[in-house]
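*Asks:* Predicted structure and sequence below. I'll ask about it afterward.
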2 protein chains.
Amino acid sequence: MTSDSQTTDTPSARDRILRTAHDLFYRDGVRATGVDRVIAESGVAKLTFYRHFPSKNDLIRAYLDYRHQRWMRWFEEALARHGGGPDAIVPAVGEWLRDPGYRGCAFINSVGELAGSMPEVASIAQAHKAAVTTAITAVLPASRQRAKLAQAIALSIDGAIVRAQFDATPDAALDVLKRIVKSLLRE
Amino acid sequence: MTSDSQTTDTPSARDRILRTAHDLFYRDGVRATGVDRVIAESGVAKLTFYRHFPSKNDLIRAYLDYRHQRWMRWFEEALARHGGGPDAIVPAVGEWLRDPGYRGCAFINSVGELAGSMPEVASIAQAHKAAVTTAITAVLPASRQRAKLAQAIALSIDGAIVRAQFDATPDAALDVLKRIVKSLLRE
DNA sequence: GGCATTGTAGACAGATCTGTCTACACGGGC
DNA sequence: GCCCGTGTAGACAGATCTGTCTACAATGCC
């Protein structure tokens, strides 16, 4: 059986490493974060680290996988919490963009940082966005255009994600997103 | 999108450095590109480099400034070339996304890479996006909603920009963008 | 008991990165 | 003649980064 990190009393070394890497990679960037830093902050020995992740690239792949699982679970929960209909989309996204630790989309950021040296990151990001689009499709009313509509909304969300990353507050981006989604739904 | 190539007989050392840095930073990323590489490929001495750019951060700022000038000039020209009206927007963007050297938006990428260690990059990106929005406003028909409409279109373009960065081809992103812009304009 | 697994502590190698420094060359303006 | 701005060539320092290696301890399974 593999990694489950569900509130264990003492999380395994692997889980501690992965969680620390997630926090640092997401906050400071993958390239800006050295393996030494992850090792020091997760309180693990260097050999232990390299036994679980033979190279930094392995850790990066595990980070993106972990992030995907975690984020999708949160997103689906947030959509449900806001009613589970089309009107849940913008508030759910808003919740994320307003989070104090918000630093953009981990996948978009990673593609920008790594696509040159780790081509597989592009397909990982693609798969992530496909999953997001599927989650959005699920809250839209059935119609012939449902899939295309979900794609348009998902792409607009990506626009809001990057805007909120360098604007002082996410409010403008959210207003614009709301307007776009409204316009798209009124068809 | 092509370079300006002002065909100077012998470009100054500073220009050679800046152009080399632009190409490498945009293609491989800012953090992944060492100063040594820029020096080697621009065929300049190390001391010359450091006389013009006392630190790498100075070079990064100059790169973003250069990129902004160059990209805006190209974008406005492309809009004009496609008719200068609202219908010019998607074809102009399409031209860019289809370029073989396309690697996303230099500003979005830089924010992801550097915002942690160089906070001013966020405001540089913000200013760039404001200029793009202004350029879009200029091709929209006069109306009370013109500015807000331009914001919505600009944000959707950002969505298409990041999608085209990791999808195999930019076609899907462009189709979706077309659909969104159409929906927004029909109001 | 015997032994594999998983863990800790930390030295070390080799590459790479930013930035400094010395020594020298050339041309134009005073 | 003389200085000064701009250029070249490349050694060097100091930090940091990835990855390897030795030596040792606790635990659980057969």
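*Replies:* Structure's in. What do you need?
*Asks:* ok, and what's touching stretch A:92-100?
*Replies:* The contact list for stretch A:92-100, computed with CB atoms under 8 Å, 6 or more residues apart in numbering or on different chains, reads A:74-75, A:78-79, A:81-82, A:102, A:157, A:160-161, A:164, A:170, A:173-174, A:177. Glycine gets a C-beta too; all of them are placed from N, C-alpha and C.
*Asks:* from the middle of its chain, how far away would it be?
*Replies:* Relative to the centre of its chain, stretch A:92-100 is centred 12 Å away, using CA atoms, centre = their mean, to the nearest Å.
*Asks:* Which of the residues in it are classified as buried?
*Replies:* For stretch A:92-100, the buried set under the neighbour-count rule, 16 or more other CB atoms under 10 Å in any protein chain shown, comprises A:Ala92, A:Val93, A:Gly94, A:Trp96, A:Leu97.
*Asks:* okay, those in JSON lines with distance to A:Ser123, pLDDT and secondary structure next?
*Replies:* Formatted as JSON lines, the buried residues of stretch A:92-100 follow (distance: CB to CB, whole Å; pLDDT from 0 to 100; DSSP: H, G, I helix; E, B strand; the rest coil):
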{"residue": "A:Ala92", "distance to A:Ser123": "26", "pLDDT": "98", "secondary structure": "helix"}
{"residue": "A:Val93", "distance to A:Ser123": "24", "pLDDT": "98", "secondary structure": "helix"}
{"residue": "A:Gly94", "distance to A:Ser123": "29", "pLDDT": "98", "secondary structure": "helix"}
{"residue": "A:Trp96", "distance to A:Ser123": "24", "pLDDT": "98", "secondary structure": "helix"}
{"residue": "A:Leu97", "distance to A:Ser123": "26", "pLDDT": "98", "secondary structure": "helix"}
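*Asks:* any chance of those residues in TSV, plus distance to B:Glu120?
*Replies:* Below are the buried residues of stretch A:92-100 laid out as TSV (distance: CB to CB, whole Å):
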residue	distance to B:Glu120
A:Ala92	32
A:Val93	27
A:Gly94	27
A:Trp96	25
A:Leu97	22
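*Asks:* Identify the farthest-apart pair in the contacts of stretch A:92-100.
*Replies:* Using CB to CB, the contacts of stretch A:92-100 span at most 21.2 Å, a distance reached by A:Arg81 and A:Ala173.
*Asks:* neighbour count winner among the two?
*Replies:* A:Ala173 (25 against 12; other CB atoms under 10 Å in any protein chain shown).
*Asks:* That one against A:Ala160, yeah?
*Replies:* Yes - shown here, A:Ala173 and A:Ala160 form a contact pair, counting by CB atoms under 8 Å, at 4.3 Å.
*Asks:* Need the overlap of contacts for the two.
*Replies:* Common neighbours of A:Ala173 and A:Ala160 (CB under 8 Å, 6+ apart) are A:Leu97, B:Leu155.
*Asks:* Name the spans of chain A whose pLDDT lies under the cut-off.
*Replies:* A:1-10 (pLDDT under 70).
*Asks:* Could you list the domains of it?
*Replies:* A:11-54, A:64-185 (automatic domain parsing).
*Asks:* of all those domains, which lies closest to DNA strand D?
*Replies:* domain A:11-54 (3.0 Å; CB to the nearest atom of the strand).
*Asks:* What does A:Val139 show for phi and psi?
*Replies:* The phi/psi pair for A:Val139 (degrees, to the nearest 10) reads phi -100, psi 0.
*Asks:* typed the wrong thing, it's A:Arg27
*Replies:* phi -70, psi -50.
*Asks:* got the domains of chain A as TSV, with distance to B:Gln69 columns?
*Replies:* Converted to TSV, those look like this (distance: least, CB to CB, whole Å):
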stretch	distance to B:Gln69
domain A:11-54	27
domain A:64-185	19
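*Asks:* Between those domains, which one is closest to B:Lys148.
*Replies:* Closest to B:Lys148 of those is domain A:64-185 (CB to CB; 7.0 Å).
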